[in-house]
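K.L.:
Provided below for reference: sequence and predicted model.
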Amino acid sequence: MNAFHLIVPPASSLALRYDVLFYTLIGLCAVVALGIFISLTWFSVKYRRGSSADRSNAQNQSLGVEIAWTAIPLVTFLGIFVWAAFLFERMQTPPADALPIYVVAKQWMWRVQHPDGRREIDALHVPLGRAVKLVMTSQDVIHSFFVPAFRLKQDVLPGRYTTMWFTATTAGDYPLFCAEYCGADHSGMEGRVTVLPPAQYETWLRSGDHTEGMAAAGFARFRELGCSGCHGENSKVHAPSLERVYGHTVQLQDGRSIVADEPYIRDSILLPRKDVVAGFEPIMPSFAGQVSEDDLLELIAYIQSIGEPQAGAAGVSPPSSRALPQESSHAQ
């Protein structure tokens, strides 16, 4: 955990691709710097004061040279841009079957919750060889989730969600840091990511203390806040149905369309007048100040888990939280 590595070995599916791009840029800069140094040295020696170099009829322009030093850097930089843009798009697009894990940053700790209800502080256990999607927010100031071995760093912001994903390729423990100055004990805000083979990960999930699953907890909070009274199937209030909404495009009253992802659901709870669904009036009250970050994540997990309409209280039933990652057909 505390061993020093000048170059940390890559441990995720995209890390090696980032390394190749990084070392290519380093090599390119080294070649250009070396070329400039050699040229500068050569001309400085050849045309030094008192040398016998022929200075007559010096050529002051060359179309070929001008085209070369314009076209070669242009093509090179465009190639690097396309390469980096492809990797960035890959990094920003998690697989549809990625396992969702929720992270709340707080001075000065990382709080992690798994869909089945298992919680961790300053630690994150993940399965080997499976895509994992982290949904992250901050309870206070800006933090930054940084795992050097995975070559991933993502700012974690108060009042909004950011996501990152990875597939761990090597079992073991890897340091986790906060890479954004967040206060007096910033340097102590660290943890570890533990990558376990799938069977050991399932064993770990079943061990230790558990709370109820996130989707089940979200369903309980959904009813406690009275949401089922308006969004339930048999509700007398004209409110949008939440069945199969997550991950789908929603048409808004102002003509825009938006994907119902984590930020949309969060805004709908805290800022209900921001994105009003077409055909509905903006009558929903704001729940700002009534729900915590953990409550919001549990409500989102519940809405993610809702599939086909089921019979139950207020027209919906709590899903099986243990099966959430497999059953949710809208997981991002």
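P.N.:
Good, I have the coordinates. Remember, it's a predicted structure, so these values are computed and weren't measured experimentally.

K.L.:
Just give me the neighbour total for G229.
P.N.:
14 (other CB atoms under 10 Å). Using the backbone N, CA and C atoms, a C-beta is placed for each residue, glycine as well.

K.L.:
which non-adjacent residue is nearest it?
P.N.:
S235 (6.1 Å; CB to CB, 6 or more residues apart in numbering).

K.L.:
Next, the one you found: secondary structure please.
P.N.:
Secondary structure, DSSP: H, G, I helix; E, B strand; the rest coil: S235 is coil.

K.L.:
That one contacts G226, doesn't it?
P.N.:
No: counting by CB atoms under 8 Å, G226 is not a contact partner of S235; they are 10.5 Å apart.

K.L.:
and these two? which has more neighbours close in?
P.N.:
S235 (15 against 12).

K.L.:
Which pLDDT value belongs to the more buried one?
P.N.:
pLDDT recorded at S235 is 73.

K.L.:
beta partners for P100?
P.N.:
On the basis of DSSP bridges, P100 is bridged to K133.

K.L.:
tell me the pLDDT at it?
P.N.:
For P100, pLDDT reads 89.

K.L.:
separation between it and R17?
P.N.:
24 Å (CB to CB, to the nearest Å).

K.L.:
domain assignment for the protein?
P.N.:
13-38+73-93, 99-206, 214-327 (automatic domain parsing).

K.L.:
rank those domains by pLDDT, which is bottom?
P.N.:
The lowest average pLDDT among the domains of the chain, as it happens, falls on domain 214-327, at a mean of 75.

K.L.:
For that one, what is the distance to the chain centroid?
P.N.:
22 Å (CA atoms, centre = their mean, to the nearest Å).

K.L.:
Touching, L28 and T76? I think so.
P.N.:
Yes: between L28 and T76 there is a contact at 7.2 Å, judged by CB under 8 Å.

K.L.:
Contact partners for F177?
P.N.:
Applying CB atoms under 8 Å, 6 or more residues apart in numbering to F177 gives the contacts 146-148, 189-190.

K.L.:
Mind doing that once more with 6 Å?
P.N.:
146, 190 (CB atoms under 6 Å, 6 or more residues apart in numbering).
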